[in-house]
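**Q** any chance you could fold what I've pasted below:
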Amino acid sequence: MSLNYDIRNVPERFKEDGEWAITNALIWGTLSVQMGSISVANWKEFYTRCHMVEAVYGPWLMEQDDDGKPVPRRIQPTDVRNRIGLHTNAGTMSPAKFKTGLDRGLRDQAKGRIMRSEDAIGGRQQC
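**A** Numbers count the residues shown, from 1 in each chain. Now for the predicted structure:
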C-alpha cells in the first residue's frame with residue numbers, strides 16, 4: 001500500500017525547498033508515530049511520539065554544520081506545530097499500543113546487543 005499525503009492545509013512556506021526536508025520527514029514519520037495527521041488537538045502527542053522514536057532509532061534528518069559536515073537533526077516541536085493540517089493515510093494507534101510497540105523495539109534492541117556481546121566473548125553463559 002502506498003503512503004498518500006495531503007498538505008493543502010499546511011502553510012506554503014513549509015512546502016518550499018528550504019523546509020521540504022522537514023515536511024517530507026514528517027510525512028514519512030506518520031508511519032513511525034502511528035498518527036495519520038497533525039492537528040491543533042494532537043500536535044503535542046505527535047511531537048512526543050517523534051521524540052520517542054528518534055530517541056530509540058535516531059534522528060530522521062541530517063543538516064550541515066558550519067564546516068559543511070553532515071550532523072543529525074532531530075524534529076523540533078515547532079516543526080510539528082508549523083505543519084498542522086498535514087494528513088496521510090497512515091493508521092492511528094492509541095497511545096497505549098504505540099508505547100507497547102516502542103517498548104518491544106527497545107527490548108529487541110537490548111536483546112540483540114546482549115547476543116552480540118555474548119558472541120564477542122565466546123559464547124553464551126547459563127545463569
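
**Q** got a pLDDT number for the residue nearest to the spatial centre of the chain?
**A** Nearest residue to the geometric centre of the chain (Cα atoms, centre = their mean): residue 50, 4.3 Å. The predicted local distance difference test score for residue 50 is 97.

**Q** straight-line length of stretch 64-77, end to end?
**A** By Cα to Cα, to the nearest Å, the extent of stretch 64-77 from end to end equals 20 Å.

**Q** average pLDDT across that stretch?
**A** 95.

**Q** hmm, back to that, the nearest residue to the residue nearest to the centre of the chain once chain neighbours are set aside: what's it in contact with?
**A** The spatially closest residue to residue 50, leaving aside those adjacent along the chain, is residue 75, at 4.4 Å (Cβ to Cβ, 6 or more residues apart in numbering). (Glycine included, C-beta is placed from N, CA and C.) Going by Cβ atoms under 8 Å, 6 or more residues apart in numbering, residue 75 touches 22, 25, 26, 29, 47, 50, 51, 54, 59, 60, 61.

**Q** quick check: of those residues, which has the highest neighbour count?
**A** Scoring the contacts of residue 75 on neighbours with other Cβ atoms under 10 Å, the highest-scoring entry is residue 26 at 27 neighbours.

**Q** check for me that that one belongs to a helix.
**A** Yes. The assignment for residue 26 is a helix, going by DSSP: H, G, I helix; E, B strand; the rest coil.

**Q** any idea how far it is from residue 2?
**A** Here residue 26 is placed at a distance of 17 Å from residue 2 (Cβ to Cβ, to the nearest Å).

**Q** repeat for residue 80
**A** Applying Cβ to Cβ to residue 80 and residue 2 gives a distance of 23 Å.

**Q** so these two - more neighbours on which side?
**A** Each of residue 80 and residue 2 has its neighbours counted (other Cβ under 10 Å); residue 80 has more, 25 against 5.

**Q** any idea how far the helix or strand harbouring residue 99 is from the middle of the chain?
**A** With elements delineated by DSSP states H and E, residue 99 resides in helix 95-120, which encompasses its position. Between the mean C-alpha location of helix 95-120 and the chain-wide mean there is a distance of 17 Å, by Cα atoms, centre = their mean, to the nearest Å.
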